[in-house]
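Peer 1: Provided below are the primary sequence and the corresponding predicted coordinates.
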Amino acid sequence: MIVVMKAGSTTEHVEHIVKLLQQMGLSGWAIDGDPRKMVEVLGVNGRVDRALLEDTPMVDRVLEEAEPILAGSRQPGDKTLEVPLCSAAGVGGRKLGIIAGPCSVESESQLLEIAAAVKEAGAVALRGGAFKPRTSPYSFQGHGERGLELLARACEETGLAVVTEVMRCEHVDLVGRYADVLQVGSRSMHNTHLLATVGRQSKPILLKRGWSATLEEFLLAAEYVMLEGNRNIILCERGIRTHETYVRNTLALAIVPEVKRVSRLPIIVDPSHGTGQSHLVTPMSNAAIACGADGLLVEVHHSPPQAWTDGEQSLDLEQFCSLMKGLKAFAAAVDREL
Ligand code: PEP
Ligand code: MN
């Protein structure tokens, strides 16, 4: 049960509710929500005097569960929130947000060549990992701050926004100095400390779905960010783990129209990690846009066979150009543009 306070209520009003709950033999967990303060009632078991709570000054409503007050939830008539990638582009409006680039930042020449090509093809942001979440500790872990510097350079030259992953709370300030958008990866979606930390800074967040997370868990991870004040969140479907072996992950595209039904947050699709196979990237990109996605996150490399990470799922520059050309018709069919 949640007691939602009226706008303008103070800590004293909240403390009064907590005291009332204690008198009922219950406990209260104060939530400093933005813009509403709330109190979760702990230990309910039928002993709660709901009418008393509802009649207390500055109480707005008492709800059975958190769902109707989730910051990202969509009410009838709500539009998708438009999240800025940089001053010139966003995700969630009529124009699709296409984010492309290598899995990992490898070298200056690699990044500059890829950045120029994806910009030319119509991407609005450059992706690239400087801190890489790897399954094996013996695999390349990324160039760290040097990688961030290279990303910032490539974006200065091309005008693209920088999207890159942050894995640790202590790196949030550092990554935020170079990036326009902070990516919280699939492995980190359950890291509530990291979610709260990125929620306390102002750069937009690209939140990837954990590969075994349900839609509800995915949306609640976004709430952790929003509760701290940062509402600029782009959700990203990147495939889930199933019994299937012909793909690296199973791209669960039905999540796109479902997110559109229940949430105001924009959602993009990553067909690269979502399939693990470069020949599946273009058809799944088309399908993602056709079912309402607000953009794509695509791995692109100038020479996929030589890529340090994820070469088998990376498009080469020509393939990415063809993807962008072919995508126009799919975008037009759902009244969107590239
Ligand atoms: C990535 O996009 O670089 C990445 C590591 O993806 P995920 O977190 O979805 O595995
Ligand atoms: Mn990758």
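Peer 2: Received it, and whenever you're ready, just let me know what you need. Ligands and ions are numbered 1, 2, ... in the order given.

Peer 1: Which parts of the chain are strands?
Peer 2: For the chain, applying DSSP state E gives strands covering 2-5, 27-31, 38-42, 59-63, 83-86, 89-91, 97-101, 125-127, 161-165, 181-184, 205-208, 233-237, 267-269, 295-299.

Peer 1: Dump those strands to TSV, plus mean neighbour count and distance to G142.
Peer 2: Heads up, the C-betas are built off the backbone N, CA and C, glycines and all. Below are those laid out as TSV (neighbours: other Cβ atoms under 10 Å; distance: least, Cβ to Cβ, whole Å):
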stretch	mean neighbour count	distance to G142
strand 2-5	22	41
strand 27-31	16	36
strand 38-42	19	39
strand 59-63	16	43
strand 83-86	20	22
strand 89-91	25	24
strand 97-101	29	14
strand 125-127	27	13
strand 161-165	26	9
strand 181-184	25	12
strand 205-208	26	16
strand 233-237	28	19
strand 267-269	27	22
strand 295-299	27	15
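
Peer 1: So which of those strands is nearest ligand 1?
Peer 2: Between ligand 1 and those, the tightest spacing by Cβ to the nearest ligand atom is seen for strand 205-208, at 4.4 Å.

Peer 1: Residue numbers of the stretch 151-300 of the chain in contact with ligand 1?
Peer 2: Residues of the stretch 151-300 of the chain that fall close to ligand 1, judged by Cβ under 6 Å from any ligand atom: 165, 185-187, 208, 238, 273.

Peer 1: Could you rank those by neighbour count and give me the top one?
Peer 2: K208 (26 neighbours; other Cβ atoms under 10 Å).

Peer 1: Find the closest residue to ligand 2 in the stretch 51-200 of the chain.
Peer 2: Of all residues in the stretch 51-200 of the chain, C103 sits closest to ligand 2, at 3.3 Å by Cβ to the ion.

Peer 1: Residue nearest the middle of the protein, spatially speaking?
Peer 2: Centroid check for the chain by Cα atoms, centre = their mean gives L207 as the closest residue, at 2.1 Å.

Peer 1: What pLDDT does the model give that one?
Peer 2: With respect to pLDDT, L207 has a value of 98.

Peer 1: Spit out the contact partners of the closest residue to L220 other than its chain neighbours.
Peer 2: Excluding its sequence neighbours, the residue lying closest to L220 (Cβ to Cβ, 6 or more residues apart in numbering) is L70, at 8.0 Å. Applying Cβ atoms under 8 Å, 6 or more residues apart in numbering, we find L70 in contact with 219-220, 223.

Peer 1: right, and out of the residues you listed, which lies closest to V14?
Peer 2: V14 has its nearest neighbour among the contacts of L70 in E223, at 19.2 Å by Cβ to Cβ.

Peer 1: Right, I'll call it a day here.
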